[in-house]
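1. Pasting the sequence and the predicted coordinates here, then a few questions.
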Amino acid sequence: MIVRRTRRKQTVSFDDRLKIAARDARQSAQMLPQGAAREILLKKARQAEVARRINGWLMTRGMSPPL
């Protein structure tokens with residue numbers, strides 16, 4: 001039996017999905033009191049922002065790597 005992988009066509013760009021993820025994590029973190037859960041959400045927001053910068057760097061032609 002052949003198992004077929006379900007494929008999904010993305011309608012929103014990767015950059016936009018990262019931007020939305022960062023925004024949503026920050027908004028959720030604002031609703032929480034100081035603590036571990038809030039810090040985890042803020043860390044996820046920072047990771048999404050860094051991923052956007054790295055993706056932008058990778059998509060730019062002729063750019064040298066950051067030092």
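-> Thanks, I have it. Predicted, not measured: the structure shown is a model, and the values here were computed from it.

2. What is the longest helix belonging to the chain packed up against?
-> Using DSSP state H, we find that the single longest helix of the chain is helix 36-59. For helix 36-59, the packing partners by 3 or more Cβ pairs under 8 Å, 6 or more residues apart in numbering; DSSP states H and E come out as helix 14-30. Every residue, glycine included, has its C-beta placed from N, CA and C.

3. Pull out the buried positions in the helix it packs on.
-> Neighbour counts over helix 14-30 (16 or more other Cβ atoms under 10 Å) mark 18, 21, 22, 25, 26, 29 as buried.

4. Dump those residues into a markdown table; add pLDDT as well.
-> Output for the buried residues of helix 14-30, formatted as a markdown table (pLDDT from 0 to 100):
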| residue | pLDDT |
| --- | --- |
| 18 | 97 |
| 21 | 97 |
| 22 | 97 |
| 25 | 97 |
| 26 | 97 |
| 29 | 97 |
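
5. so, if you compare those, which one comes nearest to residue 58?
-> When those are ranked by distance to residue 58 (Cβ to Cβ), residue 18 comes first, at 12.7 Å.

6. So the closest one sits against residue 52, correct?
-> Yes - using Cβ atoms under 8 Å, residue 18 is in contact with residue 52, at 4.6 Å.

7. roughly how far apart are residue 11 and residue 17?
-> 10 Å (Cβ to Cβ, to the nearest Å).

8. which ones are touching residue 12?
-> With contact set as Cβ atoms under 8 Å, 6 or more residues apart in numbering, residue 12 has these partners: residue 20.

9. Next one: it relative to residue 19, how far apart?
-> Residue 12 sits at a distance of 10 Å from residue 19 (criterion: Cβ to Cβ).

10. Could the C-alpha coordinates of the least confident helix or strand in the chain by mean pLDDT be exported in PDB?
-> With mean pLDDT, DSSP states H and E as the measure, the helix or strand of the chain carrying the lowest mean pLDDT is helix 36-59 (a mean of 94). What follows is helix 36-59, C-alpha atoms only, in PDB (Å, rounded to 0.1, in the frame of the first residue of the first chain):
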ATOM      1  CA  ALA A  36       7.200  31.800  32.500                       C
ATOM      2  CA  ALA A  37       4.300  31.600  30.100                       C
ATOM      3  CA  ARG A  38       4.700  35.200  29.100                       C
ATOM      4  CA  GLU A  39       8.400  34.800  28.600                       C
ATOM      5  CA  ILE A  40       7.900  31.800  26.400                       C
ATOM      6  CA  LEU A  41       5.500  33.700  24.200                       C
ATOM      7  CA  LEU A  42       7.900  36.700  23.900                       C
ATOM      8  CA  LYS A  43      10.700  34.300  23.000                       C
ATOM      9  CA  LYS A  44       8.500  32.800  20.200                       C
ATOM     10  CA  ALA A  45       7.900  36.300  18.900                       C
ATOM     11  CA  ARG A  46      11.600  37.100  18.900                       C
ATOM     12  CA  GLN A  47      12.300  33.800  17.100                       C
ATOM     13  CA  ALA A  48       9.700  34.600  14.400                       C
ATOM     14  CA  GLU A  49      11.300  38.000  13.900                       C
ATOM     15  CA  VAL A  50      14.800  36.600  13.600                       C
ATOM     16  CA  ALA A  51      13.500  33.900  11.200                       C
ATOM     17  CA  ARG A  52      12.000  36.800   9.000                       C
ATOM     18  CA  ARG A  53      15.400  38.500   9.000                       C
ATOM     19  CA  ILE A  54      17.200  35.300   8.000                       C
ATOM     20  CA  ASN A  55      14.600  34.500   5.300                       C
ATOM     21  CA  GLY A  56      15.000  38.000   3.900                       C
ATOM     22  CA  TRP A  57      18.700  37.700   3.900                       C
ATOM     23  CA  LEU A  58      18.500  34.300   2.100                       C
ATOM     24  CA  MET A  59      16.100  35.600  -0.500                       C
END
